[in-house]
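Participant: Just need the structure, nothing else, for what follows:
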Amino acid sequence: MAQNFAHGNYSHTQRKARNGGGGRTPRDRARRTLSQNFLADRHAVDLVVKAAAPDGLVLEPGAGEGVLTLALAEAGARVVGYEIDPLLAGRLAARTRSDPRIDVVRGDFTAARAPREPFAVVGNIPYSITSKIVDWCLRAPALTSATLLTQREYARKRSGDYGRWSLVTVESWPWFHWRLGDTVGRESFRPVPSVDSAILRVQRRPEPLVASRRSYQELVELGFGGVGGSVRASLKTRYQGVDAALKAAGVARDTVVAHVHPDQWIILWEGLCR
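Facilitator: I've put the predicted structure just below:
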């Protein structure tokens, strides 16, 4: 069964049609199966390229018809576009066959082997497997950055824009900085999705903020374990000196885990694990 992400440039969840699918062509049904929504706004493309500042090798999940692919190449990138839809992959490969800046790979981006040389990921990715693509990026040792057009709610959650922080962001914070970029309205896509998108920028830090990945992630996972309803209650099940560490980090004793800023987790690690 095809992965539900065919378009980095054109992939968003749509409202279910009320007519039960009558009158749809096979391509219409394929677009729904693959969550294909075409980015129709050049300004939105420019926003993604500007945020990515592409230089060198760029991998694009779901190249689609190549709107973003070509824009990245024009900006100076060497682009490898992954497209799972055989028809679109074939069309884009034929269109760019003579362009040395672009390679098109027919296949699942999340099954690809990460390059050993430094590279970035840039794409408009489908809501249904956003987490899978983000996890792939975070595991890639040579990844320098990921600039992803995602559901706006997802981008806000991961960047702390709601004033709360997720496990994924906190756990990766010593190695990656997460930032919320511009909003791209639903009207920028065809067909029009039910929600807006936003640019999420995940950038690798020059040097990690902690010396031990294992001890830091064990600390964070325990904190997010939810024992007792506060980060203090969770951490006191294993660590000594929790109150002093919380005070040094500026975290109140009754703070719930989602409200602890990632930078405060670094201070907690320094006080409890070093």
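Participant: What is the burial count for A111?
Facilitator: Using other CB atoms under 10 Å, A111 has 10 other residues around it. (Glycine included, C-beta is placed from N, CA and C.)
Participant: same question, L149
Facilitator: Using other CB under 10 Å, L149 has 30 neighbouring residues.
Participant: Tell me which residues of the helix or strand that contains A94 come out buried.
Facilitator: Assigned by DSSP states H and E, A94 belongs to helix 86-95. Neighbour-count burial for helix 86-95, with 16 or more other CB atoms under 10 Å as criterion, is recorded at L88, A89, R91, L92, A93.
Participant: The residue nearest to G181 when sequence neighbours are not counted and E153, how far apart?
Facilitator: Excluding its sequence neighbours, the residue lying closest to G181 (CB to CB, 6 or more residues apart in numbering) is I199, at 3.2 Å. I199 sits 14 Å away from E153, going by CB to CB, to the nearest Å.
Participant: The two - which one has more neighbours?
Facilitator: I199 (24 against 15).
Participant: Report pLDDT for the more buried one.
Facilitator: Looking at I199, its pLDDT reads 98.
Participant: Could you do the one 10 residues further on as well?
Facilitator: Each residue has a pLDDT score; the one for L209 is 98.
Participant: What of the one 10 residues further on?
Facilitator: Per-residue pLDDT puts L219 at 98.
Participant: same question, R253
Facilitator: 95.
Participant: for the one 10 residues further on, same thing?
Facilitator: Confidence at D263, expressed as pLDDT, is 98.
Participant: For this structure, just list every one of the helices.
Facilitator: In the chain, the segments counted as helices under DSSP state H are 26-33, 42-52, 67-74, 86-95, 130-139, 152-158, 167-172, 213-223, 231-235, 242-249, 262-272.
Participant: Now distance to R186 too, for the ones you listed, in TSV please.
Facilitator: Listed next are the helices of the chain as TSV, based on distance: least, CB to CB, whole Å:
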stretch	distance to R186
helix 26-33	16
helix 42-52	11
helix 67-74	17
helix 86-95	22
helix 130-139	16
helix 152-158	9
helix 167-172	25
helix 213-223	34
helix 231-235	36
helix 242-249	39
helix 262-272	30
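Participant: what's the closest of those helices to D182?
Facilitator: Closest to D182 of these, according to CB to CB: helix 42-52, at 4.9 Å.
Participant: Now do that closest one: which elements does it pack against?
Facilitator: With contacts taken as 3 or more CB pairs under 8 Å, 6 or more residues apart in numbering; DSSP states H and E, helix 42-52 sits against helix 67-74, strand 119-124, strand 143-151, strand 176-184, strand 197-204.
Participant: okay, these in a markdown table with distance to E83 next?
Facilitator: What follows is the helices and strands packed on helix 42-52, written out as a markdown table (distance: least, CB to CB, whole Å):
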| stretch | distance to E83 |
| --- | --- |
| helix 67-74 | 9 |
| strand 119-124 | 11 |
| strand 143-151 | 16 |
| strand 176-184 | 21 |
| strand 197-204 | 19 |
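Participant: Of all these, which one is nearest V251?
Facilitator: strand 176-184 (19.8 Å).
Participant: Tell me the gap between that closest one and the middle of its chain.
Facilitator: The chain centroid and the centroid of strand 176-184 are separated by 10 Å under CA atoms, centre = their mean, to the nearest Å.
Participant: beta partners for G56?
Facilitator: Beta-bridge partners for G56, by DSSP bridges, are A77.
Participant: burial count for it?
Facilitator: G56 has 12 neighbours, counted by other CB under 10 Å.
Participant: just checking, it touches F119?
Facilitator: Yes. The pair G56 / F119 is scored as a contact, 6.9 Å apart, by CB atoms under 8 Å.
Participant: With respect to burial, which of the helices and strands packed on helix 42-52 scores highest?
Facilitator: With neighbours taken as mean count of other CB atoms under 10 Å, these reach their highest mean count in strand 119-124, at a mean of 26.
Participant: Run me through the strand neighbours of it, direction for each.
Facilitator: Strand 119-124 is paired, per DSSP bridges, with strand 56-61 (parallel), strand 143-151 (parallel).
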